[in-house]
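**Q** prediction below, plus the sequence it came from.
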Number of protein chains: 2
Amino acid sequence: MSNPRPSHPSPAPTLRDVAEAAGVHTATASRALNPKTRQQISAETARRVMRAARALGYQPNSVARSLKTSRTGTVGLVIPDLTNPLFPPIVRGVESVLEPGGYNVWIVNTDNDEERERAQIDSLRSRQVEGLIIATARLDHPLLRHLHEQGVRMVLINRQVENLRVPAVTGDDVTGVAAAVHHLAALGHTRIAHLSGPLSTSTGRARARAFRHAVRDHGLPDDLMPECAHWSESDGATAMRNLLDRSPGVTAVVAGNDLIALGCYDVFAERGLSCPDDVSVIGFNDMPFLDKLRPPLTTVAVPHHELGAEAARMLLDTLDTPDRPARSILLPVSLVVRGSTAAPRTD
Amino acid sequence: MSNPRPSHPSPAPTLRDVAEAAGVHTATASRALNPKTRQQISAETARRVMRAARALGYQPNSVARSLKTSRTGTVGLVIPDLTNPLFPPIVRGVESVLEPGGYNVWIVNTDNDEERERAQIDSLRSRQVEGLIIATARLDHPLLRHLHEQGVRMVLINRQVENLRVPAVTGDDVTGVAAAVHHLAALGHTRIAHLSGPLSTSTGRARARAFRHAVRDHGLPDDLMPECAHWSESDGATAMRNLLDRSPGVTAVVAGNDLIALGCYDVFAERGLSCPDDVSVIGFNDMPFLDKLRPPLTTVAVPHHELGAEAARMLLDTLDTPDRPARSILLPVSLVVRGSTAAPRTD
DNA sequence: TTGTATGCGTTATCAA
DNA sequence: TTGATAACGCATACAA
């Protein structure tokens, strides 16, 4: 083998090694290597130090630097489930702002588990992250309030907490749901159901509430609103089965999100129902590849990348100017009409 | 507002604060708080310290601890693109093993950019991660060899590097491609094309090579192998258009991955071609929701979660026993036949 | 312009 | 069982 692993790799060089190699003291080496202090040093010395650093393959030890400066240059991003196609674009949006801003992002998954969330956030804090972006959409629980009281800088995505002045960025669920209901009503549907997400999440609750208002505005019944236990395909299917059994007259469904809408598709297949001829469905989020489904799913597009980017900008603001009053931002959404919605059967 | 942010949050309590509150020395407090050293301490003192820690809301500072112990309990995971549905399951697989093993995982995106990869890995190393799991599938470039020479512990996913004794875990591409070709040949196809992924990636090259061998084994032509510039839907579409223009007799396609297969779907829609009647397509990976496409995509299922989990296990082994010889693992894949493949038209 | 000294918060070694 | 002390690697106030 041309490159067997060295069984005893030499330990990583420290600033001290660089200083010795360059014939200067560590303080000088430190200044030479830091662009901000390099000017205090003669060009010749700086060059010598940098050459030595390069020759040794010196990498500054961020752990030591952080301990000294009490700045880690890291931000924690709390995600409930990375395999939900919703979240990767948010992650990228966050990174697209934070990395140019000089921060690294530490992503953690919580699996929608409160205990895990707590543990993950503890871990992030013990690692001295400078701020938190929290995209777990559960409704207020004591943890957030506690963090806020301790002065932890944070921004919420898709989550509002009552009576807490924490900046938040969310999609405009109210307008999105209203557009969905309006679209279906305009097609002639009169018995429209909402398969809501878990009402323990702020998103689930917001969309359910918006749905209730929207159908009332159209003079339609507001009692067709089963709740899904999770934002998942299987829970969407379960809710849809129950709905069809109990309310056979339903001709259209506004799903809490795209995954729940996919669960409806499963039930249509099971029962030989045709979409959109028998039942119309609208999803929420516009996750990837929806245009290739059978039928292509009509949905409300949420700008996830922008959601992440905007949250990151707000966090940057907060880190820069801690005393600036918190603002919350609502990002516009848009209805994307595809093939899963049509006028109800007239027979 | 009931909870305005404290404009001057009190600084986080340190071990020293805890020690003072408990009336002991910091060394004693440290021992009392660490389960491994708690036994050296009288039960009474330990209780007092723990009570004080709890009262103050003490969180150990991992940065300081890491500097002292030169152990960070972190591992870096290098991913080319988190929005590719392939990778989140790998991430979860890695975490499912590493977190119970006492490590936290630091995920970075490289955007398939060599310079970014370098920068991200540098950043991870400066933060003293104890090992690296690398899922960026580019073929050997000097960075990996360099890391290896420096004794960096690492495991590769979906990537082989020649002449480098680094453990790697990959799906069994050869068998998967052979199964795909066999399936098509058995259906009666004789002009089968391969839309390969970038040949600069080890995966792209491996699948292309496997395809060539498989068609030869069936006595079929091996000259229908255009290369896609990236593993993307749009590059798949481009390659498919060129293929149809130049080789109109093709009746079946083995795509380098599912995304490329989706690109084929786009071209079918553009040109009014029917799948599978006019052209059969097979993808690779079995990413989520493929069963809901029109038509449902036949594909080769790769156990991504298990790929991540196995890589994590190997890294744990390597961290435990640095001198153990590196082994590489091939995980079995399976053909999932859905609706995008059928016998060719007989007219 | 460069060197000296100190401390960030923690753990480990040694002594008591 | 507990305390005193030093050290991890770095950056900075201060001195020269």
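**A** Right, received. Where do you want to start? Model, not experiment: these values are computed from the prediction.
**Q** of all the residues in the stretch 51-200 of chain A, which ones are close to DNA strand D?
**A** Within the stretch 51-200 of chain A, the positions lying close to DNA strand D (CB under 7 Å from any atom of the strand) are A:60-61, A:64-65, A:67-69. Quick note: C-beta positions are derived from backbone N, CA and C, even for glycine.
**Q** count of neighbours near A:Leu199?
**A** A:Leu199 is flanked by 18 other residues according to other CB atoms under 10 Å in any protein chain shown.
**Q** how far away is it from A:Val161?
**A** Distance from A:Leu199 to A:Val161, counting by CB to CB, to the nearest Å: 16 Å.
**Q** next one: A:Ala237
**A** A:Ala237 is 31 Å from A:Val161, by CB to CB.
**Q** so which elements touch the lowest-mean-pLDDT helix or strand in chain A?
**A** Least confident element among the helices and strands of chain A, by mean pLDDT, DSSP states H and E: helix A:142-149 (a mean of 90). When contacts are defined as 3 or more CB pairs under 8 Å, 6 or more residues apart in numbering or on different chains; DSSP states H and E, helix A:142-149 packs onto helix A:114-126, strand A:154-157.
**Q** element containing the residue of the stretch 201-347 of chain A found nearest DNA strand D, please.
**A** Residue nearest to DNA strand D within the stretch 201-347 of chain A: A:Leu319 (16.8 Å; CB to the nearest atom of the strand). Assigned by DSSP states H and E, A:Leu319 belongs to helix A:304-320.
**Q** ok, now which ones touch the closest residue to A:Val302 other than its chain neighbours?
**A** Using CB to CB, 6 or more residues apart in numbering or on different chains and skipping the chain neighbours, the partner closest in space to A:Val302 is A:Gly171 (4.1 Å). By CB atoms under 8 Å, 6 or more residues apart in numbering or on different chains, A:Gly171 lies in contact with A:158, A:302-303, A:307, A:330-331, A:333.
**Q** for PyMOL, what selects the buried ones among these?
**A** With 16 or more other CB atoms under 10 Å in any protein chain shown as the criterion, this PyMOL line picks the buried residues out of the contacts of A:Gly171:
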select buried, chain A and resi 158+302+303+307+333
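**Q** got the contact list for the residue of the stretch 201-347 of chain A closest to DNA strand D?
**A** Listed by CB under 8 Å, 6+ apart, the contact partners of A:Leu319 are A:130-131, A:153.
**Q** switch to 10 Å and redo it
**A** A:75, A:101, A:103, A:130-131, A:153 (CB atoms under 10 Å, 6 or more residues apart in numbering or on different chains).
**Q** among the residues you listed, which ones are in strands?
**A** Among the contacts of A:Leu319, DSSP state E puts A:Val75 in strands.
**Q** just give the nearest non-adjacent residue to A:Ala179, would you?
**A** A:Ala179's closest residue in space is A:Leu335 (CB to CB, 6+ apart), at 4.3 Å.
**Q** burial of the one you found, as a residue count?
**A** 19.
**Q** which SSE is it in?
**A** strand A:334-336.
**Q** show the average pLDDT along that strand.
**A** The pLDDT scores in strand A:334-336 average 98.
**Q** the stretch 101-250 of chain A: helices as residue ranges?
**A** Secondary structure of the stretch 101-250 of chain A, counting by DSSP state H, counting those that start in this stretch: helices at A:114-126, A:142-149, A:173-187, A:202-217, A:233-246.
**Q** those: lowest mean pLDDT?
**A** The weakest mean pLDDT among the helices of the stretch 101-250 of chain A belongs to helix A:142-149, with a mean of 90.
**Q** just the buried residues of that helix, please?
**A** For helix A:142-149, the neighbour count (16+ other CB under 10 Å) marks A:144-145, A:147-148 as buried.
**Q** got phi/psi on the closest residue to DNA strand D within the stretch 101-250 of chain A?
**A** Of all residues in the stretch 101-250 of chain A, A:Gln128 sits closest to DNA strand D, at 12.9 Å by CB to the nearest atom of the strand. Phi and psi for A:Gln128, reported as degrees, to the nearest 10, are phi 70, psi 40.
**Q** do A:Thr299 as well
**A** Here is the backbone geometry of A:Thr299 (degrees, to the nearest 10): phi -160, psi 170.
**Q** same question for A:Ile79.
**A** Per-residue torsions, A:Ile79: phi -120, psi 140 (degrees, to the nearest 10).
**Q** could you report the neighbour count for it?
**A** Look at A:Ile79: counted by other CB under 10 Å, it has 24 neighbours.
**Q** beta partners of it?
**A** Going by DSSP bridges, A:Ile79 is paired in beta bridges with A:Asn109.
**Q** ok now stretch A:309-317, how far from the chain's centre?
**A** Centre-to-centre, stretch A:309-317 and its host chain are 13 Å apart (CA atoms, centre = their mean, to the nearest Å).
**Q** quick one: that stretch near chain B?
**A** No - using CB under 10 Å from any CB of the partner chain, stretch A:309-317 stays clear of chain B, coming no nearer than 13.6 Å.
**Q** which residues touch that stretch?
**A** Residues beyond stretch A:309-317 that count as contacts (CB under 10 Å, 6+ apart) turn out to be A:75, A:77, A:89-90, A:92-103, A:105, A:130-135, A:153-158, A:167-170, A:303, A:324, A:326-329, A:331.
**Q** kindly recompute the last result at 7 Å.
**A** The contact list for stretch A:309-317, computed with CB atoms under 7 Å, 6 or more residues apart in numbering or on different chains, reads A:75, A:93-94, A:96-98, A:101, A:131, A:133, A:153, A:155, A:157, A:167, A:169, A:324, A:329, A:331.
**Q** buried ones among these?
**A** Counted by 16+ other CB under 10 Å, the contacts of stretch A:309-317 give A:75, A:93-94, A:96-98, A:131, A:133, A:153, A:155, A:157, A:167, A:169 as buried.
**Q** sorry, back to before: farthest-separated two in the contacts of A:Leu319?
**A** A:Gly101 and A:Arg153 (13.6 Å; CB to CB).
**Q** domain map for chain A?
**A** A:15-60, A:69-171+A:304-331, A:173-302 (automatic domain parsing).
**Q** nearest to DNA strand C, of those domains?
**A** DNA strand C lies closest, by CB to the nearest atom of the strand, to one member of the domains of chain A: domain A:15-60, at 3.3 Å.
**Q** for chain A, what lies in contact range of DNA strand C?
**A** A:24-28, A:31, A:40-42, A:44-46, A:64, A:67-68, A:70.
**Q** torsion angles phi and psi at the closest residue to A:Arg165 other than its chain neighbours?
**A** Excluding the flanking residues, the one nearest A:Arg165 by CB to CB, 6+ apart is A:Ala326, at 4.6 Å. Dihedral angles of A:Ala326 (phi, psi; degrees, to the nearest 10) stand at phi -70, psi 140.
**Q** just A:Thr190 next, same as before
**A** Dihedral angles (degrees, to the nearest 10) for A:Thr190: phi -120, psi -20.
**Q** what residue ranges in chain A score low on pLDDT?
**A** A:1-8, A:140, A:347 (pLDDT under 70).
**Q** switch to 80 and redo it
**A** A:1-10, A:137-141, A:160-164, A:347 (pLDDT under 80).
**Q** no further questions, thank you.
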